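Undergrad: here is a sequence with its predicted model. Questions after.
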Amino acid sequence: MAERVKVYEETKKGIPVWAWLLPLLLLLAPLAYFLTHRHPADSAPMVGSTAAAAALPDLGSVHFDTDKATLTPEGQATLQQAAAAMKANPSAHFRIEGFTDSTGSAPHNADLSEQRALAVAGYLKDQGIDGSRLTGGGFGAQKPTDTNATPNGKADNRRVELFSQPQ
């Protein structure tokens, strides 16, 4: 008698790829929409927030004469504009960073850059800015913005920079 033989097709068990890929795509679609259709300009920054500090105008740099920490008339004019911007944003805080050119020793330049930062902070306090809103220090000849090989480059490096900072 002939024996019957059953042939079975081997099938893979488990979930097909499309069955788990489709829900994943459905979850990612709203995220993609949000990222591509978000308009940050539509939301007004809150007072005292990081966005408000970032919205401040460039407060600028104050330049100094060689080996001096005395404010020039141009520097005072820049600081008057900066003080007006600071007063318009009473909850914002600011960082004052002083620098020198490469002339002189490193300890001397560190001290001079600190004196320059203090001169700027003192002037801003005299303009009515609360000192608790100001932080900073001197960095000597570190972080030059220009070459120290030319007189103009050195003049650019003798500066104090003002930055708004998050609270």
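TA: Now that the structure is in, tell me what you want to look at.

Undergrad: next SSE after the least confident helix or strand in the chain by mean pLDDT?
TA: Of all the helices and strands that make up the chain, helix 50-54 has the lowest average by mean pLDDT, DSSP states H and E, namely a mean of 46. Toward the C-terminal end, the helix or strand that comes next after helix 50-54 (DSSP states H and E) is strand 61-63.

Undergrad: mind listing the strands that following strand pairs with, and their directions?
TA: Using DSSP bridges, the strands paired with strand 61-63 are strand 159-165 (antiparallel).

Undergrad: quick one: contacts of the strand it pairs with?
TA: Contacts to strand 159-165, defined as Cβ atoms under 8 Å, 6 or more residues apart in numbering, come from residues 53-54, 56, 59-64, 82, 89, 92-99, 116-117, 119-120, 135, 145. Bear in mind the C-beta positions are built from the backbone N, C-alpha and C, glycine included.

Undergrad: just the buried ones out of those, please.
TA: With neighbours counted by 16 or more other Cβ atoms under 10 Å, the contacts of strand 159-165 contain buried members at 53, 56, 59-64, 82, 89, 92-94, 96-99, 116-117, 119-120.

Undergrad: residue 109 contacts residue 115, doesn't it?
TA: No: here residue 109 lies out of contact with residue 115, judged by Cβ atoms under 8 Å, at a distance of 10.6 Å.

Undergrad: so for the two, which residue has more residues nearby?
TA: residue 109 (23 against 17; other Cβ atoms under 10 Å).

Undergrad: name the element that one belongs to?
TA: helix 106-126.

Undergrad: report all helices and strands that that helix contacts.
TA: If you count contacts as 3 or more Cβ pairs under 8 Å, 6 or more residues apart in numbering; DSSP states H and E, helix 106-126 packs onto helix 73-88, strand 93-98, strand 134-138, strand 159-165.

Undergrad: buried set for the third one?
TA: Okay, so that is strand 134-138. Of the residues in strand 134-138, those buried by neighbour count under the rule 16+ other Cβ under 10 Å are 134, 136, 138.

Undergrad: no further queries at this time; thank you.
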